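> Here is my input, please return the structure:
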Amino acid sequence: MKPTRKIMALFAVLCLSLNAQAQFDDDYSVDDWSLDLEEEEAPKPQHKEYKNAIYLQYSPSRYKVSDDSRVHFNELLLGYNRIIQVVEEMPYFVEAGACVKFSWTKRDMDARLITFRIPVNVLYKIYLSKEKDYALVPFAGASVRAIAMARNCANHTNLCGGDGWERFQVAWQAGMRFYLNRYYLGISYSRDFRDSSKFPGVRECGVHLGYCF
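A predicted model of the protein is given here:
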């Protein structure tokens, strides 16, 4: 083969190889071969956060009515809470509300009480499922109590006022709830921040059932 033909043949082979390489580069870019190191973001839990709740609570309580005397009461409490999410995208909440409590005993004395209370609590939700509204909720806070009526039914006397019981008192409370969609079941403990010279001093254990809306 003459030198001119050899040069033309080599040139033709070189052109074909460059064309094939260009087609390969178009079909399979470097990006196609690179590893995607970005992790997919996990889906956020789809939980509905309700802003209101009503609840019913039963409490066996102990009232310290003097330095050496304690009275055990049964109590039913009906209440309402307004729930506010404090941190966006995080399950921190504050709830504030009001409740009325009916107390009675015949064990140590024949007495009836009606008490109003304003509780404020801080809550944190521990979600148990990403798809369903199941959560454990520890809470703690403080409350102001006002005794509207306290009557000794045995002698028809008022237990408050004068040298009797104090109408107003401040207490702390803590507890745990289990949320199942709109409903929750909880336990709580409450005790007065008490001046030793003021009566009654209340210790309260509670079991409550609530509904959110």
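> Lowest-scoring secondary structure element of this structure by mean pLDDT?
helix 30-33 (a mean of 49; mean pLDDT, DSSP states H and E).
> just the strands in the chain please.
52-66, 69-85, 92-105, 111-124, 126-127, 134-152, 157-158, 168-180, 183-193, 201-212 (DSSP state E).
> Counting by contacts, list what the third one packs against.
Right, strand 92-105. strand 52-66, strand 69-85, strand 111-124 (3 or more Cβ pairs under 8 Å, 6 or more residues apart in numbering; DSSP states H and E). Heads up, the C-betas are built off the backbone N, CA and C, glycines and all.
> what mean pLDDT does the shortest one have?
Averaging pLDDT along strand 111-124 yields 97.
> for it, the distance to its chain's centre please.
17 Å (Cα atoms, centre = their mean, to the nearest Å).
> Give me the contact list for that strand.
Under the contact criterion Cβ atoms under 8 Å, 6 or more residues apart in numbering, strand 111-124 has outside partners 71, 73, 77, 79, 81, 83, 91-105, 137-153, 159, 173.
> Give me the angle between it and strand 69-85.
40 degrees (axes from the mean of the first three to the mean of the last three Cα atoms, to 10 degrees).
> Also compute the angle for strand 111-124 relative to strand 52-66, please.
Using the same axes, to 10 degrees: strand 111-124 against strand 52-66 is 130 degrees.
> mind putting the helices and strands packed on strand 92-105 in JSON lines, distance to residue 167 and mean neighbour count included?
Shown next, in JSON lines, are the helices and strands packed on strand 92-105 (distance: least, Cβ to Cβ, whole Å; neighbours: other Cβ atoms under 10 Å):
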{"stretch": "strand 52-66", "distance to residue 167": "14", "mean neighbour count": "17"}
{"stretch": "strand 69-85", "distance to residue 167": "16", "mean neighbour count": "16"}
{"stretch": "strand 111-124", "distance to residue 167": "9", "mean neighbour count": "18"}
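> Kindly state which of those is positioned closest to residue 207.
With Cβ to Cβ as the measure, strand 52-66 is the member of the helices and strands packed on strand 92-105 nearest residue 207 (5.5 Å).
> Thanks a lot, catch you later.
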